[in-house]
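Asks: Sequence first, predicted coordinates after that:
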Amino acid sequence: MATHTVSTPTGLLTALNTRYHKPALTLYLVVVLAHWAEHVAQAIQVYVLGWPLKEARGVLGMPFPWLVSSEWMHYGYALLMLIGLLMLRSGFTGRSRTWWNISLGIQVWHHLEHLLLLLQALTGNNLLGRPVPTSMIQLLVPRMELHLFYNGLVFVPMVVAMLLHRRPRPAERAAMRCACAVSPA
């Protein structure tokens, strides 16, 4: 009689995409929401409260103004987002994987824009001789509005992916290796 052994998932990526997928996604979502809230708070400060852009620094930027102007901090967050999207990707299946990939693709571009900004800040050579580091799309759209837009553009397909992941179709559920799906009705 043949015996079957079930191997336990090993390695960080395997664990994050199997038994720890749901808590990892929850933590990732909290971090993303906190960052998104900072951008929304800054936009409210400018457009609702009428603050000058230099004074509108979001919530954390008020006590820590360097956060708003630190290219390292902005790049670090863009890199963290990219790493999170990559690390948690294999836990998704079917439609949710497609939406997660859309979010990932947009974040790749957003990360490259932040890399460009960081390189300009480090070298002092700004794009097209601009007085401050400038991203490609920032040549057309002001920075605050652009980053609010970028974060929304990454956030929406990420949330769609998470919702579809929680309520998979039967074939998607069968392919899942995590316990993120809610029980079928």
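Replies: Yep, it's here.
Asks: Next, name the residue at the spatial heart of the protein.
Replies: Centroid-nearest residue in the chain: Met81, 3.9 Å away (criterion: Cα atoms, centre = their mean).
Asks: so it makes contact with His111?
Replies: Yes. Contact criterion Cβ atoms under 8 Å: Met81 and His111 qualify, at 7.3 Å. Backbone N, C-alpha and C define where each C-beta goes, glycine included.
Asks: host element of Thr18?
Replies: Under DSSP states H and E, no helix or strand contains Thr18.
Asks: meant to ask about Ala37, not that
Replies: Element membership for Ala37, per DSSP H and E: helix 21-47.
Asks: Leaving out chain neighbours, which residue sits closest to the residue nearest to the centre of the chain?
Replies: Once flanking residues are discounted, Met81 sits nearest to Gln107: 5.3 Å by Cβ to Cβ, 6 or more residues apart in numbering.
Asks: Specify the local secondary structure of the one you found.
Replies: Classification of Gln107 using DSSP: H, G, I helix; E, B strand; the rest coil returns helix.
Asks: Contact partners for it?
Replies: With contacts defined as Cβ atoms under 8 Å, 6 or more residues apart in numbering, Gln107 is in contact with 78, 81-82, 85, 154.
Asks: change it to 7 Å
Replies: By Cβ atoms under 7 Å, 6 or more residues apart in numbering, the contact set of Gln107 is 81-82, 85, 154.
Asks: try Arg173
Replies: Contact analysis of Arg173 by Cβ under 7 Å, 6+ apart lists Ala181.
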